[in-house]
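J.: the following block contains a protein sequence and its predicted model.
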Amino acid sequence: MFNPQKIISKMASIKLTLKKKALTDGSFPIFLRITKDRKHKHYKTLYNASIEEWDDKLGQFKNNTKFIQENRFLQQLKAKAFTVCSQLEIEKENYTLYDFDKAFTTKSQKKNTSKNFFYFWDEIIEELTKSGRTGDTTIHDESFKALKKFHGSTQLEFQQINFTFLSKYEVHLRSRGGTNGGISIRMRSIRIIFNIAIDRGITTADYYPFKKYKISKLKSDPNKIALDYFDVMKIIQWDSSEYPHLVDSHNYFVFSFYTRGMNFTDQMLLEWTQIGRNKIFYTRSKSKGNFSITILPPVQKILDYYKENALDTRYVFPILLRDGMTPIQIENRKKKTRKKYNKDLKEIAFHCEIDAKVTSYVARHSFANSLKQMGVATDVISEALGHRDIKVTQGYLNSLENSELDKASASLLL
């Protein structure tokens, strides 16, 4: 039987594959590779994967339940490439990779993405939304709006974004109260879009402005706030039963501290199926590191509480109120709940007579700080936090240590 797909596959090979060089976190970028006449063209996707997560034969993530959004988007991208190949085969029998690239990277002549930075950025935001990467979508959407407000128009070509343009944009952001950290986020968003555009052949490295404009100069003092062990114990031992509206937030903080600083997102997504007999098994959303954590008595007490007061969902904590929420709904719920959590922690700190600003991040910082106070080796703390590089932990602990030095200096005052 005549099979057009088989003929096309002979003419051009289309595969989703990992780039051979690993990133700093140990994962590998996922590329769409087109092979034609023994020549290759690679297109960077929005995703990275570890060797363990990736099925190279099928060209997708192994765990389709966990990575359903990612696999769906990757297959859509592959299908788009196949459609372009099919159309080119009809129009031009001996088409080249150049012909494919020209057809594949042009989404719409109306938008003219090959020249307009904003139009291409909008396309990437749309891809991020479809792929379920709501956190990245939010950051890019806010950065998009900030640059558009500065430029005053959506007509912006890649070659217009040079060292002078970025320097003026930095001055503009500072005039509006921007900090090094905030400005760095805006600039990194622009750099990401530029890199994707170069990988996809939308623009060339000749126009790349970040060879001269260095984002590294915008290093910000993270000013991590960590409580010492005794202040942490004040919070842990505080009786929240007299304040019903603070019970959940108090539990979240204690749970985070005794699970090696599990962050709020991972707590939100924690499912009952990840709770073993005496262990919690989960993959950290930020670093993709796998954790196996012993359930200590305070953690077991919290788990028992939510088992007794469980919602009809697969989640441990009553943050996501039902199963099957869309990525956007999950992101909105996370923002709303974390805002209340931080507000509650402020009130809890007041009741515990703690002057420091306590937020959802403080439990993780305090866990590391407490281990350091007890003389635990840095390499052990690094493993506990899930850092891949001990240098990250050293910088992490140094930033915490600064607050202790400030306290020590203040104690010299009369």
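T.: Alright, I've got the coordinates.
J.: quick one: the strands in this protein, in order.
T.: 13-18, 28-36, 39-49, 54-55, 60-61, 279-283, 290-294 (DSSP state E).
J.: nearest residue to the residue nearest the centre of the chain other than its sequence neighbours?
T.: In the chain, the residue lying closest to the centroid (C-alpha atoms, centre = their mean) is Lys286, at 5.7 Å. Nearest non-adjacent residue to Lys286, counting by C-beta to C-beta, 6 or more residues apart in numbering: Asn263, 6.9 Å away. For glycine as for every other residue, the C-beta is placed from the backbone atoms N, C-alpha and C.
J.: got the contact list for the one you found?
T.: 256, 284-286, 360-361, 364 (C-beta atoms under 8 Å, 6 or more residues apart in numbering).
J.: equivalent analysis for Ala197, please.
T.: Residues near Ala197 by C-beta under 8 Å, 6+ apart: 117, 120, 158, 203.
J.: what's the closest of the residues you listed to Phe67?
T.: Within those, the smallest distance to Phe67 is 25.8 Å, found for Phe120 (C-beta to C-beta).
J.: how many neighbours does that closest one have?
T.: Phe120 is flanked by 24 other residues according to other C-beta atoms under 10 Å.
J.: what of Gly152?
T.: Neighbours around Gly152, by other C-beta under 10 Å: 8.
J.: for the residue lying closest to Asp248 once chain neighbours are set aside, give me its contacts.
T.: Here the nearest residue to Asp248 in space, its sequence neighbours aside, is Pro318; by C-beta to C-beta, 6+ apart that works out to 6.8 Å. When contacts are counted by C-beta under 8 Å, 6+ apart, Pro318 touches 248, 306, 309, 311.
J.: now these in CSV, please, with extra columns for pLDDT.
T.: Listed next are the contacts of Pro318 as CSV, based on pLDDT from 0 to 100:
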residue, pLDDT
Asp248, 95
Tyr306, 94
Asn309, 86
Leu311, 83
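J.: out of the strands of the chain, which comes closest to Lys234?
T.: strand 290-294 (23.6 Å).
J.: that closest one packs against which elements?
T.: strand 279-283 (3 or more C-beta pairs under 8 Å, 6 or more residues apart in numbering; DSSP states H and E).
J.: any idea how far Ile348 lies from Ile319?
T.: 18 Å (C-beta to C-beta, to the nearest Å).
J.: typed the wrong thing, it's Thr359
T.: In terms of C-beta to C-beta, Thr359 sits 16 Å off from Ile319.
J.: looking at these two, which one has more neighbours?
T.: Shown here are Thr359 and Ile319; by other C-beta under 10 Å, Ile319 has more neighbours (23 against 18).
J.: contacting residues for the more buried one?
T.: Ile319 sits next to 267-268, 333-334, 337 when contact means C-beta under 8 Å, 6+ apart.
J.: of those residues, which is the nearest to Tyr208?
T.: In terms of C-beta to C-beta, no member of these lies closer to Tyr208 than Lys334, at 34.3 Å.
J.: most surrounded residue in the contacts of Pro318?
T.: Among the contacts of Pro318, Asp248 has the most neighbours (other C-beta under 10 Å), with 20 neighbours.
J.: returning to what we had before: which ones among the contacts of Ala197 map onto helices?
T.: Counting by DSSP state H, the contacts of Ala197 place 117, 120 in helices.
J.: tell me the buried residues within the contacts of Ala197.
T.: In terms of neighbour count (16 or more other C-beta atoms under 10 Å), the buried residues within those are 117, 120, 158, 203.
J.: the first one and Ile202 touch, don't they?
T.: No. With contact taken as C-beta atoms under 8 Å, Phe117 and Ile202 are classed as non-touching, separated by 9.2 Å.
J.: where does the prediction get shaky in this protein?
T.: Confidence mapping of the chain against pLDDT under 70 gives the ranges 1-11, 25, 65, 105-115, 220-224, 382-414.
J.: from the contacts of Asn263, which land in helices?
T.: 256, 364.
J.: please convert the contacts of Pro318 to CSV, extending it with distance to Thr179.
T.: Compiled in CSV, the contacts of Pro318 are given as follows (distance: C-beta to C-beta, whole Å):
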residue, distance to Thr179
Asp248, 31
Tyr306, 37
Asn309, 41
Leu311, 39
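J.: closest one to Tyr341 out of the residues you listed, please.
T.: Nearest to Tyr341 among those, with distances taken as C-beta to C-beta, is Asp248, at 8.0 Å.
J.: so how far is Leu74 from Leu58?
T.: From Leu58 to Leu74 the distance is 10 Å (C-beta to C-beta).
J.: who's more crowded, those two?
T.: Taking other C-beta under 10 Å, Leu58 and Leu74 do not tie; Leu74 has more neighbours (21 against 12).
J.: bridging residues for the closest residue to the more buried one other than its chain neighbours?
T.: Sequence neighbours aside, Leu16 is the residue nearest to Leu74 in space, at 5.5 Å (criterion: C-beta to C-beta, 6+ apart). Beta-bridge partners recorded for Leu16 (DSSP bridges): Leu32.
J.: correct me, but Leu16 touches Leu32?
T.: Yes. The pair Leu16 and Leu32 qualifies as a contact (C-beta under 8 Å) at a distance of 5.7 Å.
J.: which residues do these two both contact?
T.: In contact with both Leu16 and Leu32: 45, 77-78, using C-beta under 8 Å, 6+ apart.
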